[in-house]
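> whatever this is, show me its structure:
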Amino acid sequence: MFVAFILLITWLAAELYVIVLVAGAIGLLLTIVLLIGAVPFGSWAMRSEGRVVWRRFNKAIAEGRPPGREVADGVLIVLGGGLLIVPGFITDALGLLLLFPPTRAPLRAMLLRNFQSTLVVQAGRFAGRSAAGRTGAERFDVEGTATEVDPPQPQIHP
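Just a heads-up that it's a prediction; the model follows:
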């Protein structure tokens, strides 16, 4: 909790420092216009990129393939648009990196790689838990433990 607080204060201080530097270079009025103008631009970019990803998502579903790439792109686009809506030049730069496909691709690859490895670990833990109560061959031999039972024949009494 304390680390998160320190990171938040550091981020806010860095944003203010960059805003002061930009205002000193281009003027206060133009700096304010840029900060306010990023909000509608972020909303527009999120909608337009989101539509493209939504079409690719539907195409992947129609083709019967898992839409992992499209879902990751959607998450990154929402995060990028949100960063553009938050005032500040550092968050705007990060948001733009997440919105444009060429710069989003390496982040998507990293996200998918980390998610897949986490998913494999969780699946392994789940499989280990379900087999914990069994021993030896029973743990892996499901077919060998099945037996056929003849149904009981009805008894006819005269």
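
> okay, CA-based contacts and neighbour counts for the rest of this
OK.

> check contacts around the closest residue to residue 103 other than its chain neighbours.
Spatial nearest neighbour of residue 103, excluding adjacent residues (Cα to Cα, 6 or more residues apart in numbering): residue 97 at 5.5 Å. Residue 97 sits next to 80, 103, 104 when contact means Cα atoms under 8 Å, 6 or more residues apart in numbering.

> burial check on the second one, number of neighbours?
This means residue 103. Residues near residue 103, counting by other Cα atoms under 10 Å, number 12.

> what strand or helix carries it?
Element membership for residue 103 (DSSP states H and E) is helix 101-130.

> mind listing what's buried in the longest helix seen in the chain?
Assignment by DSSP state H gives helix 28-63 as the longest helix of the chain. The neighbour-count check on helix 28-63 (16 or more other Cα atoms under 10 Å) flags 31, 35, 38-39, 42-43, 45-46, 49-50, 53-54, 56-57, 60 as buried.

> which of these lies closest to residue 88?
Using Cα to Cα, residue 35 comes nearest to residue 88 of the buried residues of helix 28-63, at 6.4 Å.

> relative to residue 71, how far out is residue 52?
For residue 52, the distance to residue 71 equals 12 Å [Cα to Cα, to the nearest Å].

> same question but for residue 84, I mixed them up
Shown here: residue 84 relative to residue 71, a distance of 20 Å by Cα to Cα.

> which one's more surrounded, these two?
Neighbours were counted for residue 84 and for residue 71 using other Cα under 10 Å; residue 84 has more, 30 against 17.

> now do the SS call for the more buried one.
At residue 84 the chain is in helix, as set by DSSP: H, G, I helix; E, B strand; the rest coil.

> and it, what is it in contact with?
So residue 84 contacts 38, 39, 41, 42, 91, 92, 93, 94, 95, 96 (Cα under 8 Å, 6+ apart).
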